[in-house]
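Asks: Requesting a structural model of the entry that follows:
(chains A and B)
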Amino acid sequence: MVLDFIKRFLSNIRFSLNTGDKDMDYLVEATGEKYVLAGRNSKVDTNVATASSVIGSILGTVEAMEGSRDINQLTFTVQGCGKVGSTVAKELVRLGAKCVQTCDLYPSAAEITGCKAIEDWASTPCDFLVPCANSLAITEDVATNFPNGIKYCVGATNSPFANQNAKDIFNERGVMHIPESISSAGAILADSVEVRLSIDHDVYRCDKALKCTFLHKTVVRY
Amino acid sequence: MKFWIAPFLLQAAFALVSFAPRPGTNILPGLPSLNDLFKIVEYPNERGATVLEAPVNQEGVKLYIAIDADSYGHVERPGNGGIRLLNYLSSVDAIDDAVRLAKGMTRKHDMFRTGFSGAKVVVDSDHDDLSMIDRQGLMEDAANALHALEGGMYTGCE
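Replies: Predicted coordinates for the structure are as follows:
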């Protein structure tokens, strides 16, 4: 029974959460381009926007807690290497992280240049846990047994903790958690600009606003 | 007795009373078509979100829409949240997930004052193999639901 549950849960985690661009194209067509905010027909990739907000939150946390934005002494574990997680991992490598460990249910997805693929994110030491996968993955057991040394938990996952107890355990262990309402808000910021675009019909102004909002063009499709 | 506070108390009481669902009456007088399309599976006085079940034109798939109480029926502050597709263990799990995620989306939107409130579309599939789902048909059903909400909700990728 338990194994069956785990098997069913794990077998669906990665693909099922991600309604993708093809789905959004169907939806855009069916709605007549109404009520859909997914960066379709836009230069903005909402997944990259979310990744950008995760990176910004990581750097802000490091600056506030470690005194600078230098991450070359920090080891990161990126849990989940879908569109958001893989972008975060690549950016952490680019920013000079000491080590970026990647983990995914599909091992090939964790093979990212400059990263170290690991089998079990919950038992591998790190300074920073970056959840970018399924909700509720940080259970009480995971929070209790996560290797010593972890200092921060900042990611894209909505509701990463299985329950309040799990969150409290991390808190009691001194792990700083940045709520996802801050760290993974990139897509909703892009959405809010996109809806303004559809209301105003002012393409130039909104394109400019997007570039200003998400500096360095990190949210633009590539 | 501080009389100046009375109007505020009255206003608050009126808001609470006027928001409570009344069985047998139209929940959204401004959107009368809603009750014809949706089955309301959870009222906002339970957990602060309304959960609707929208019709789906294929077997083994259920489509739930959770909209934070602040947004339901209010196009001035529409709900926003992505579409999640999972093989849940039960409908209860799917509805719980929808409510939890919609409330989480509200926190996210509130943080940045985007003008949206929280919402979520959760699709519960009986199929272990999600490739069995007719995605185009599912998105057409989702589009019908969005049209019925008349701008009360915007969605996107999960």
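
Asks: Tell me where chain A has strands.
Replies: Under the criterion DSSP state E, chain A contains strands at A:75-79, A:99-103, A:116-117, A:128-131, A:152-153, A:176-177.

Asks: The longest helix along chain B and chain A, any residue contact?
Replies: The helix that spans the most residues within chain B, counting by DSSP state H, is helix B:91-112. Yes - using Cβ under 8 Å from any Cβ of the partner chain, helix B:91-112 comes into contact with chain A via B:97, B:100, B:101, B:104, B:105, B:107, B:108, B:109, B:110, B:111, B:112. Using the backbone N, CA and C atoms, a C-beta is placed for each residue, glycine as well.

Asks: What count of nearby residues applies to the closest residue to residue A:122 other than its chain neighbours?
Replies: The shortest distance from residue A:122 to any non-neighbouring residue, by Cβ to Cβ, 6 or more residues apart in numbering or on different chains, is to residue A:142 (4.7 Å). Neighbours of residue A:142 under the rule other Cβ atoms under 10 Å in any protein chain shown: 19.

Asks: got it, and the one 4 residues further on?
Replies: For residue A:146, the neighbour count with other Cβ under 10 Å is 23.

Asks: Spatially nearest residue to it (excluding sequence neighbours)?
Replies: Counting by Cβ to Cβ, 6+ apart, the residue nearest residue A:146 is residue A:122, at 6.2 Å.

Asks: From residue A:174, how far out is the one you found?
Replies: Computed as Cβ to Cβ, to the nearest Å, the residue A:122 to residue A:174 distance reads 18 Å.

Asks: Neighbour count for those two, which is higher?
Replies: Neighbour count, other Cβ under 10 Å: between residue A:122 and residue A:174, residue A:122 has more, with 17 against 9.

Asks: Contact partners for the more buried one?
Replies: Residue A:122 is in contact with A:142, A:145, A:146, counting by Cβ atoms under 8 Å, 6 or more residues apart in numbering or on different chains.

Asks: With residue B:37 instead?
Replies: With contact set as Cβ under 8 Å, 6+ apart, residue B:37 has these partners: B:54, B:55, B:144, B:145, B:148.

Asks: right, and the third one touches residue B:54 too?
Replies: Yes - using Cβ atoms under 8 Å, residue B:144 and residue B:54 qualify as a contacting pair, with a distance of 7.1 Å.

Asks: Residue A:180: how many residues sit nearby?
Replies: Neighbour tally, residue A:180, other Cβ under 10 Å: 25.

Asks: Show the backbone phi and psi for the residue nearest to it when sequence neighbours are not counted.
Replies: Among residues not flanking residue A:180 along the chain, residue A:158 sits closest, at 5.6 Å (Cβ to Cβ, 6+ apart). Dihedral pair for residue A:158: phi -80, psi 130, per degrees, to the nearest 10.

Asks: pLDDT value on residue 140, please?
Replies: You didn't pick a chain, so chain A it is. On pLDDT, residue A:140 comes in at 98.

Asks: wrong one, chain B
Replies: Per-residue confidence at residue B:140 stands at 97 (pLDDT).

Asks: Of the strands of chain A, flag the one that's most buried.
Replies: strand A:128-131 (a mean of 28; mean count of other Cβ atoms under 10 Å in any protein chain shown).

Asks: so how far is that strand off the chain centroid?
Replies: Strand A:128-131 sits 9 Å away from the centroid of its parent chain (Cα atoms, centre = their mean, to the nearest Å).

Asks: can you check stretch A:121-140 too?
Replies: 12 Å.

Asks: Helices along the chain, start to end?
Replies: Since you didn't name a chain, this refers to chain A. With DSSP H as the criterion, chain A has helices at A:2-17, A:21-31, A:46-66, A:83-94, A:140-145, A:164-172, A:180-183, A:186-200, A:203-213.

Asks: that's the wrong chain, I meant chain B
Replies: Using DSSP H, the helices found in chain B span residues B:6-19, B:34-37, B:44-47, B:91-112, B:135-149.
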